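Enquirer: got a sequence here, can you build the structure:
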Amino acid sequence: AKTFGDASFALSATATSSLPISYSSSAETVATISGNTVTIIGAGSVTITAKQAGNNNYNAAPDVPQTLTVNKADQTITFNSIAMKNFGDASFQLSATASSGLPVSYASSGETIATISGNTVTIVGAGSANITAKQAGNANYKEATEVAQALTVNKANQSITFLAISTKTFGNMPFNLTGTSGSGLAVQYSTTSGKISLSGNQITMIKPGSVTINADQGGNNNFSAATSVSQSFCINPSKPIITASGLNSGTPVLNSSSEIGSQWYKNGTLIVDAVSNTFTPTDGGSYSVKVTIDNCSSEFSAEQILVITGVETSALSEGFFIYPNPVTNTLTISLVNFDATSEVNIVVYDMSGKAVEKISKMGEIATISVNTYSSGTYFINASQRNLTHVAKFIKN
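Expert: Next up, the predicted model:
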């Protein structure tokens, strides 16, 4: 018996006459004969017949057949290990080979992980699957022993895009968050702040202040959890409203509509330590309030203008006076009671409390042209740091 792939071999039949022997093959798809040399062509069974036709002295010898069995050849598969992959990677080619040179086929043990078409692997999910290389053999080769290699597909990474949230004002309508993940999976939001309520991706503002929102995506079978992303934003307090009480008394009180976070201003300048929701002014001027909570600030309130309509005699005796009074063209103001090296802020108010002129002067004397003023009563408010004087004059 021979095996497909064995080398050619020689036949050695002999005749009693010593005459030469010829040979024939019953199946040249299995073996061919040239002279006494047999060449194996394929696996199978063939009859090799030895013949001697005789000559003048010898009769032909009876043919003698022998059976030649050619067994199928063994074959092996070479299939190298497969590199680790990630979900989302491109399709790739397998390159196993059979020692027979016959084509190799492949099968996947987990088609939720990888599918195979020909020798192309397409990744469809994360996990592990065995890829098996097969060669079923043919007429000349036995089936090869299957060779399996493990394919590991790791979960893909993903990231969250969560843009900065613009500043809001308390009282605005609810709004939606618009974070997205690279995987396309839904983003979840959370907060520890009691200043908002969060339903899905919708925020409803409950109170003013600073708020931090966390955006997360926990992943799934194919994607790892994303790194959490946070955004902070301000809910500015709503614009405060000033209400006044005691306006006809010597101690008027200004009230802010906000219970917390108020800061009072006079003529646009912050009043140190005036941070209560109420403020008692000691002189005339334009007062406003701004509310700040967690460094989130409101707009300024509308101005509340206070005008002193009476001047105590003691104030006039301290060196602050104006002349002529009544006045037609130019009003002169004595500033001798102020520091001559610093500016004095002078504001003229009409009877409605509206500021009609604002100037800053240094020295002992200041003048104001009142040519364009309407006839009537006006008030002068002169202030420098913590010193304020008020006087009334009449324009002819």
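Enquirer: okay, CA-based contacts and neighbour counts for the rest of this
Expert: Will do.
Enquirer: disregarding flanking residues, what is the spatial nearest neighbour of Ile160?
Expert: The spatially closest residue to Ile160, leaving aside those adjacent along the chain, is Ser181, at 4.4 Å (Cα to Cα, 6 or more residues apart in numbering).
Enquirer: and what of Met205?
Expert: Met205 sits nearest to Ile196 (Cα to Cα, 6+ apart), 4.5 Å away.
Enquirer: what about the one you found, how many residues nearby?
Expert: 21 (other Cα atoms under 10 Å).
Enquirer: Lys207 is in contact with that one, correct?
Expert: Yes. At 6.9 Å, Ile196 and Lys207 qualify as touching, with contact defined as Cα atoms under 8 Å.
Enquirer: mind listing what Gln52 touches?
Expert: Residues in contact with Gln52 (Cα atoms under 8 Å, 6 or more residues apart in numbering) are 15, 19-22, 60-63.
Enquirer: return the subset of those lying in helices.
Expert: Applying DSSP state H to the contacts of Gln52, no entry is found in helices.
Enquirer: turn those residues into a markdown table, including pLDDT, distance to Gly110 and neighbour count.
Expert: Formatted as a markdown table, the contacts of Gln52 follow (pLDDT from 0 to 100; distance: Cα to Cα, whole Å; neighbours: other Cα atoms under 10 Å):
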| residue | pLDDT | distance to Gly110 | neighbour count |
| --- | --- | --- | --- |
| Ala15 | 97 | 66 | 13 |
| Leu19 | 97 | 69 | 13 |
| Pro20 | 97 | 65 | 12 |
| Ile21 | 97 | 62 | 19 |
| Ser22 | 97 | 60 | 18 |
| Ala60 | 97 | 69 | 11 |
| Ala61 | 97 | 67 | 15 |
| Pro62 | 97 | 64 | 11 |
| Asp63 | 97 | 61 | 12 |
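Enquirer: just give the number of residues close to Val46.
Expert: For Val46, using other Cα under 10 Å, the count is 20.
Enquirer: any idea how far Val38 is from it?
Expert: Val46 sits 11 Å away from Val38, going by Cα to Cα, to the nearest Å.
Enquirer: where do the contact lists of these two overlap?
Expert: Going by Cα under 8 Å, 6+ apart, residues that sit against Val46 and also against Val38 are Ala31.
Enquirer: check Phe320 and give its pLDDT.
Expert: Phe320 is assigned 75 on the pLDDT scale.
Enquirer: name the nearest residue to it, sequence neighbours excluded.
Expert: Ser334 (5.6 Å).
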